[in-house]
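In: need a structure here:
(chains A and B)
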Number of protein chains: 2
Amino acid sequence: MDIVVGFVESPEGEAALARAIEEARLRDGKVVLVHSKVGGDEDAADYVRSAAALEEAHQRLHTEGVEHCTHEYVRGRSPAEDLIATVETHDAELIVIGIRTRSATGKLLLGSNALDILHDASVPVLCVKKS
Amino acid sequence: MDIVVGFVESPEGEAALARAIEEARLRDGKVVLVHSKVGGDEDAADYVRSAAALEEAHQRLHTEGVEHCTHEYVRGRSPAEDLIATVETHDAELIVIGIRTRSATGKLLLGSNALDILHDASVPVLCVKKS
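Out: A predicted model of the protein is given here:
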């Protein structure tokens, strides 16, 4: 079964990818890596900046020998919308996302994308923190 | 490896238990069922009321033939605190919790316990909705 993981260039994103690879092995499944930006000038620049990190993620999937495919979306949808749409097209059984821990001041840091995914996903969502 | 699951008497709680059983099979692990109430008169009555449902959950674990143990806590801690403490004592690798979907009016329904668990857990949290 397919496992959809959101690509984010951060320690949390890396932890999510590592866990998605583990889960794919455990389930004999495929990792579906989704890189999503809404679009617009600022977002587009950010998209380009993260190209090297995305290539690194691809390489990691190759090196780990896990069946995988990637989707790169800049089509005006939020990352949450793109992840959820990908779950449907792939008939995936799991979403893996990276989430941030509390800040030093104890402020809650769960982002709006993570919340949207948790609320709207039709499949279980595995929330992973940086190691 | 151990999988900690929060017992809640609801369709979401049932879905979480079902998923925890699946995950335990997949990982050749043990299900650690945690029933937690803070305490006090109201909570104590609620605790007693849910005895039948808890027994049903036990029976399910027996019937499914999954290695398991249960903890019942009424010691002044929130369910989030009890779940997280149990992860530590069991050296568990995963928490499974049931979460509610959006209401008909689109209101966000992620409860404070779910948020606390997501923010404070040191291991990945699998969030499951009712099927």
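In: every contact and neighbour count from this point should use C-alpha atoms.
Out: OK.
In: just for chain A, where's the confidence low?
Out: A:42-43, A:102-109 (pLDDT under 70).
In: which residues of it fall in strands?
Out: A:2-6, A:30-37, A:68-74, A:94-98, A:125-128 (DSSP state E).
In: report the strands that pair with the shortest one, each with its relative direction.
Out: To tie it back to what came earlier, the one meant is strand A:125-128. strand A:94-98 (parallel), strand B:125-128 (antiparallel) (DSSP bridges).
In: just how off-centre is that strand within its chain?
Out: Offset of strand A:125-128 from its chain centre (Cα atoms, centre = their mean, to the nearest Å): 10 Å.
In: the strands paired with strand A:125-128 into CSV, with extra columns for mean neighbour count and distance to A:Cys127?
Out: Converted to CSV, the strands paired with strand A:125-128 look like this (neighbours: other Cα atoms under 10 Å in any protein chain shown; distance: least, Cα to Cα, whole Å):
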stretch, mean neighbour count, distance to A:Cys127
strand A:94-98, 28, 5
strand B:125-128, 26, 5
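In: among the ones you listed, which is nearest A:Ala51?
Out: Of all the strands paired with strand A:125-128, strand A:94-98 sits nearest to A:Ala51, with 18.7 Å by Cα to Cα.
In: how close does the nearest residue to A:Thr101 once chain neighbours are set aside sit to B:Glu22?
Out: Leaving aside its sequence neighbours, A:Thr101 sits nearest to B:His119 (Cα to Cα, 6 or more residues apart in numbering or on different chains; 5.4 Å). Distance check for B:His119 against B:Glu22: by Cα to Cα, to the nearest Å, it reads 25 Å.
In: with A:Glu23 instead?
Out: 13 Å.
In: let's have the strands paired with strand A:125-128 in JSON lines, adding distance to A:Asp2.
Out: Formatted as JSON lines, the strands paired with strand A:125-128 follow (distance: least, Cα to Cα, whole Å):
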{"stretch": "strand A:94-98", "distance to A:Asp2": "7"}
{"stretch": "strand B:125-128", "distance to A:Asp2": "16"}
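In: residues in a beta bridge with the residue in chain A that chain B sits nearest to, which ones?
Out: Residue of chain A nearest chain B, by Cα to the nearest Cα: A:Leu126 (4.2 Å). Note on A:Leu126: beta-bridge partners by DSSP bridges are A:Val96, B:Leu126.
In: that one contacts A:Ile97, doesn't it?
Out: Yes. The criterion here is Cα atoms under 8 Å, and A:Leu126 meets it with A:Ile97 at 6.3 Å.
In: run a quick neighbour tally on A:Glu64.
Out: Using other Cα atoms under 10 Å in any protein chain shown, A:Glu64 has 13 neighbouring residues.
In: residue contacts, it?
Out: A:Ile21 (Cα atoms under 8 Å, 6 or more residues apart in numbering or on different chains).
In: what residues does chain A have near chain B?
Out: A:26-27, A:100-102, A:108-110, A:118-120, A:122-129 (Cα under 8 Å from any Cα of the partner chain).
In: before we move on, the earlier item: the residue nearest to A:Thr101 against A:Cys127, yeah?
Out: No. In this structure B:His119 lies outside contact range of A:Cys127 using Cα under 8 Å: 10.0 Å.
In: of all the residues in stretch A:46-57, which ones are buried?
Out: For stretch A:46-57, burial by neighbour count (16 or more other Cα atoms under 10 Å in any protein chain shown) applies to A:47, A:50, A:54, A:57.
In: in helices only, show me the residues you listed.
Out: Those of the buried residues of stretch A:46-57 mapping onto helices are A:47, A:54, A:57, per DSSP state H.
In: quick check: closest non-adjacent residue to the most centrally placed residue in chain A.
Out: With distances taken as Cα atoms, centre = their mean, A:Gly6 lies nearest the centre of chain A, 0.9 Å away. The shortest distance from A:Gly6 to any residue other than its chain neighbours is 5.0 Å, reached at A:Val34 (Cα to Cα, 6+ apart).
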